[in-house]
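1. Pasted the sequence and its predicted model underneath.
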Amino acid sequence: MDIMLSPIGILLLLSVFIIGGFGALFLDRLLNDGGRMGGLWAHAFALGGSLFGLIISAKTLLVGQGIAFSIPSPLPLFLFDFRIDGLSAFFLGVISLIAAMASIYGLSYQTHFLGLYRLGRLGFFYNAFVCSLMLVTMANQGLFFLLVWEVMSLASYFLVIYEHRKPENIRAGFLYFLMTHFGTAFIMLSFFLAYRATGSFSFDVWRAAAGAIDPMMQTFIFLAALIGFGTKAGIIPLHIWLPEAHPAAPSHVSALMSGVMIKTAIFMFIRIFFDFFPIASIEWGLTFLVLGGISSLLGVLYALSEHDLKRLLAYHSVENIGIILLGFGASLTFMSLGYEKFALFALAAALYHTLNHAIFKALLFLGAGSVVAATGTRNMEEYGGLVRLLPFTSAFFLIGSLAISAFPPFNGFASEWLTFQALFIGIVSASIIVKAIFIFAIASLTFTGGLAAACFVKAFGVTFLARPRSEEATHAHESEWPMLAAMGILAVLTLVIGVGSGFVISLLVGIVASIWLSNPSTLAFPFRQFIETRSQFADILPLDTVAVITLAVFVVLTVAIMVLSRSRKVSYGRTWDCGTELGPRMEITSTSFSRSLITIFQGILRPTKQTDVEYHDEEMRYFIKSQEVRTGIGDPYRQALYRPLSAALTMVASRVRLVQSGNINMYILYVFITLIALIVWAARS
Amino acid sequence: MTLFFSLIQIVAIPAISPLFVGIIRKLKARMQSRVGADIFQPYRDLSKLFKKDEIISKDASWITKIAPYIIFTVTVVVGAAVPIVTTIIPSFTPGFSLLPLSDFIVMVYLLALGTFFLALAGMDSGSGFGGFGSSREMMVAALAEGGLFFSLLVASVASGSGHVPSMVVSLQTLPFTSFMPLIVAFLAFFIALLAENNRFPVDNPSTHLELTMIHEAMILEYSGKRLALMEWATANKLVIFIALGANIFFPWGVAASLEGHAILLAFVLFSLKTGALLFSIAFIESTMAKFRVFRVPDLLFTSFVLAVTALCIIITF
Amino acid sequence: MSEYVLNALLFVDMAAFLAVLFMHLIKKDSHLIWLYALQSMATGLFLLGTGIAEEERSLIMVAALTIIIKAIAAPIFFFRLMDRFGSHGSSSSYLSTPVTLAALMALVMFAYSSVFQILGMLLPGTVGSFPLSLAAIFMAIFLMINRRGVFSQMIGILALENSIVLLTACIGIKQPIALEVGIISDIALWIVIANAFISMIYRQFGSLSTSDLKQLTEE
């Protein structure tokens, strides 16, 4: 067994990030270049660590052997248990891949903050974030997991408020902080209930004690886990932090947060519902299906109404988490009905979409980062014509848009297709209720696909095409080569993973099977066997054939037409302008593009419109001097759910505040009463 | 033999699509008491356009230049997998067949890829017409996809397969009594056909008024060979939908082999079915007014509900 | 131990108890300090007696230390503190005197109640003054609750500590010498710190009454 797959290897991996992070701070202090060396150091080390993580993940899968070890700790309940099995290796691989790309991007992106903020701190928190993300997949004990989870939340919080001179970032960070701790509280509750039921925090003990837990207790554990991890995943209605926090962070961090951080919640869902406490009852699978369907539909509808490029992408993350949960819910349902093969298949679909979304969402966020850095604003209404000024970024963003709208032969189509197949199996199942919920799931996935395509026509079209709509857009310039390289690699991956879908599906089925087939003591799992059967899987979805045929026809056609019309002239003229001069205000804007769809769905979205008019003569209100129109989308979650909750909490808190009078004598009285009460109680029992 | 047949299958739809458009125009003209142009006129129009020079907007980018090729390619590729007279799947070498293209989800999403690039091209020139055309087109496409997808899903569930040729083969042997849900699904499919192909009552294919055009707005800035490709691609898409509707929901007569008499019979039946469909499209265009834009979603949701109803009937019985 | 010694110890314990009781009744701070000195002396004598009776050298040394620091040095220090800040003996209380006495009576009855009887009977070697010392503990805490004035709090804690020492001596638990010495050194240190602390409070708030110290909470 080589050095990489041993405890030494893992600790080496951690130390790379530690050196990267602290080195960045140190260099920032030492040199006086605003932290540029420190930032480069940090991102280079993060890149190295990510590549290392990728190698570890690949080796684990190829060898088919996981590792588990623990580091002794001085504290009684707290054990540093590590475990990397098939599922961890997969998520570790996804995290490492995206982190590597984000690090390459960050090498030159961070210079945009030079002079404004200290880059050493960015490097430090970035390394802490990536390291904690990797550790989350490796932790094998409840308290250790909570510790690493908390580090992840804190590191990302500091990254969200990195540009701390903008008050909206501080607000976003505060909301994120609140919501993530709300979620963590429920996760803690879930773990403590499991401790109560099994007597230990170790995940291995939970695995072993699977069938012996009281069903009522298991329901509560599941419910607390659903709320806790659901907050991190961004399921509606626990998603309100997502569209605030993801745009506020620096773009490569947004890519990480959107691409992999919310997937750690999916990882833990799989662990809790499949690995630790198997055979959840069918209601849980159906609940996930419904939640997934609602999240995907509402996510894409809210994305349609956005004109801030990064908020739009953040809402699409909500949508895609919904799609992943559709596959997950289908798998749970099949498992509880006893159709294990189908459950395997559905879970593989969910994992496939996890991988794909990580790749194309990271690509889109990195592209958005380039655009925002080039123009200085996030408002789409001020973009336009960037396809000529940022040619490579626009090409990569187009590929990302094609992938997320699920067009063949890109990877988004492959995973949505697989999810569809899993859901189709559900329609022919037993009871009417189950069939109805599966039909709802298929309907939501169908509409989501169409609406997502509409949204990305808007996003790409308004941002890159036609004429610039503002001064800043005319002065934009292309990004530096590291940023382009990161985006380019991701774009190529979307195509490769889509075209090679047969192979990828066989890998994923192997990984999913390893959850049940791995030997608990040696952690070996039969991954190789699944790869060898890939030829059977290749017939499932041979997107390579589709790609080849399309490309062949395209090439033939283009050549033929070019040859046939080689004597025809192509000249350039003005767009048809009905005789006037076309200005930037005559193009379609992002708000008006989606207005028709918002009007159709106004029952859900509740659009608002406020008009302020100023007249030349207030008495004779005929001639308008200026008019200001404000359009918006209603926010039912804050009004109906969060505001009443926080109002109730504040009311209770102000009542309880009376206890804290400030008087020393009162406090000693409290102590005395408690003492007497305890004595009496102890004497009684 | 099969190689020859496969090549024919690829060029079949592009070859006959202008004819179908010509037939619709002739039928409309007749219903409107006009003589109307010859049914082969669209071929002459296309060749005229190919001989003309082009003007491209200065504000446009490479998207405008490349979009017509992509859209036309998509229609050719999907068309190759649609069964017209036989259900045999074209293949070039053993092992390399067009089978994956005939999966109905792949077909729907490939056509949507064409729509995506069309919408982008509409926005590329920076004119208000194109922008609004794209906005409306994406709205219609997003909502119509539900009805389209679910109607094909009904056929898939009824036949037990996801590939269109196998669907046709299985549905041929279905007893007549269980055909009722398929008729309902066909209604949903027909509405989606009208929406996706820019026909009445969703869109007017022969207008250039900004209040009444969706598809025409997006190709307003095109000229010369690119305009020819766009128009041809639209015709291809119409034929694809008509062929799917005729052969999936009324699958009798489609040949299962390449024998002479089977092909002939299939050809005759195919002409009858598509003739009926073309007549209905022309009839609707001549007798009905185009809907207001915000009445269109109601129509599309109706299509969706019809398809879901058909699905529920199929899976409960 | 002989009857004589036990009686003497009981007497001394009673003296300590009465000292704490009277702390509630007096008005002037200077009287408080005298009473504290009395209680410390009684504690020291108790320890001395126990040490002589059981012939434990260490206990005698501790007793001596107690008398020197708690009964002699501390009151001197407190008087000096009082002179500097002139707390003019108006250490008022929250409850009026009759109510205070009633509360004290309730506490004493509680200490003598069945809740503690069992406890008292279980522990071996208990001298009969166990409930008395327990009552003294409760009364010392009550002193802190009832009285305004920083001096009362200080004396209250010290009186509490004395009562605890008495209690443990009654029960017969042989406190490790280190603990006893530690506590005494702690008191010595506390005296040094309190000096600085009291002056800071006075400078900040202008008075030593705890009701004026309410600005500790933010309104």
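-> The structure has been received and is ready for your questions.

2. C-alpha from now on. contacts and neighbour counts both.
-> OK.

3. which ones are touching the spatially most central residue of chain C?
-> Residue closest to the average C-alpha location in chain C (Cα atoms, centre = their mean): residue C:159, at 1.1 Å. Each residue near residue C:159 by Cα atoms under 8 Å, 6 or more residues apart in numbering or on different chains is listed here: C:20, C:36, C:39, C:137, C:140.

4. What sits closest to the third one if chain neighbours are left out?
-> If I follow you right, that is residue C:39. Of all residues not flanking residue C:39 in the chain, residue C:16 sits nearest, at 4.6 Å (Cα to Cα, 6 or more residues apart in numbering or on different chains).

5. tell me which strands and helices whichever strand or helix holds the one you found is in contact with?
-> In this structure, residue C:16 is located in helix C:3-25 according to DSSP states H and E. Here helix C:3-25 touches helix C:29-54, helix C:130-146, helix C:150-171, going by 3 or more Cα pairs under 8 Å, 6 or more residues apart in numbering or on different chains; DSSP states H and E.

6. what does that helix rub up against?
-> With contact meaning Cα under 8 Å, 6+ apart, helix C:3-25 is reached by C:31-32, C:35-36, C:38-40, C:42-43, C:45-46, C:49-50, C:53, C:97, C:100, C:127-129, C:132-133, C:135-136, C:139-140, C:143, C:159, C:163, C:166.

7. Which among the residues you listed count as buried?
-> With neighbours counted by 16 or more other Cα atoms under 10 Å in any protein chain shown, the contacts of helix C:3-25 contain buried members at C:32, C:35-36, C:38-40, C:42-43, C:45-46, C:49-50, C:100, C:127-129, C:132-133, C:135-136, C:139-140, C:143, C:159, C:163, C:166.

8. For residue A:48, list the residues it contacts.
-> Neighbour list for residue A:48: A:16, A:100 [criterion: Cα under 8 Å, 6+ apart].

9. picking up where we left off before, export the contacts of residue C:159 as TSV, with columns for pLDDT.
-> Formatted as TSV, these follow (pLDDT from 0 to 100):
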residue	pLDDT
C:20	90
C:36	90
C:39	91
C:137	91
C:140	91
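
10. burial measure for the residue in chain C that chain A sits nearest to, as a count.
-> At 4.5 Å from chain A, residue C:145 is the closest residue in chain C, using Cα to the nearest Cα. Using other Cα atoms under 10 Å in any protein chain shown, residue C:145 has 25 neighbouring residues.

11. got the residues of the stretch 51-200 of chain B near chain C?
-> Within the stretch 51-200 of chain B, no position is near chain C by Cα under 8 Å from any Cα of the partner chain.

12. In the stretch 51-200 of chain B, where is pLDDT below threshold?
-> For the stretch 51-200 of chain B, the stretches with pLDDT under 70 are B:93-95.

13. Next: the stretch 151-300 of chain A.
-> Applying pLDDT under 70 to the stretch 151-300 of chain A picks out no residues at all.

14. Next: chain A.
-> A:1-4, A:518-526, A:528-540.

15. So for the residue of it found nearest chain B, what's the nearest residue that isn't a sequence neighbour?
-> In chain A, the residue that lies nearest chain B is residue A:450 (4.1 Å; Cα to the nearest Cα). For residue A:450, ignoring the flanking residues on the chain, the nearest one in space by Cα to Cα, 6+ apart is residue B:142 at 4.1 Å.

16. and the one you found, how many neighbours?
-> 24.

17. Quick check: the gap between it and residue A:462.
-> Residue B:142 sits 19 Å away from residue A:462, going by Cα to Cα, to the nearest Å.

18. do residue C:109 as well
-> Residue C:109 is 85 Å from residue A:462, where distance means Cα to Cα.

19. Comparing the two, which residue is more hemmed in?
-> residue A:462 (32 against 13).

20. In three-state terms, label that one for me.
-> helix (DSSP: H, G, I helix; E, B strand; the rest coil).

21. shouldn't it be in contact with residue A:588?
-> Yes. Using Cα atoms under 8 Å, residue A:462 is in contact with residue A:588, at 7.5 Å.

22. Please list the residues of chain A that sit near chain C.
-> Near chain C, when you scan chain A using Cα under 8 Å from any Cα, you find A:660-666, A:668-669, A:672, A:680, A:683-684.

23. biggest separation within the residues you listed, which pair?
-> Maximum pairwise distance among those (Cα to Cα): 33.4 Å, between A:662 and A:684.

24. Neighbour count: these two, which is higher?
-> Neighbour count, other Cα under 10 Å: between residue A:662 and residue A:684, residue A:662 has more, with 17 against 8.

25. quick one, phi/psi of the more buried one?
-> Dihedral pair for residue A:662: phi 90, psi -10, per degrees, to the nearest 10.

26. got it, and residue A:141?
-> phi -140, psi 150.

27. List the beta-bridge partners for it.
-> Using DSSP bridges, the beta-bridge partners of residue A:141 come out as residue A:202.

28. Now do the closest residue to chain C within the stretch 401-550 of chain A against residue A:319, distance only.
-> Proximity of the stretch 401-550 of chain A to chain C (Cα to the nearest Cα) peaks at residue A:472, 48.4 Å away. Remark: distance between residue A:472 and residue A:319 (Cα to Cα) = 31 Å.
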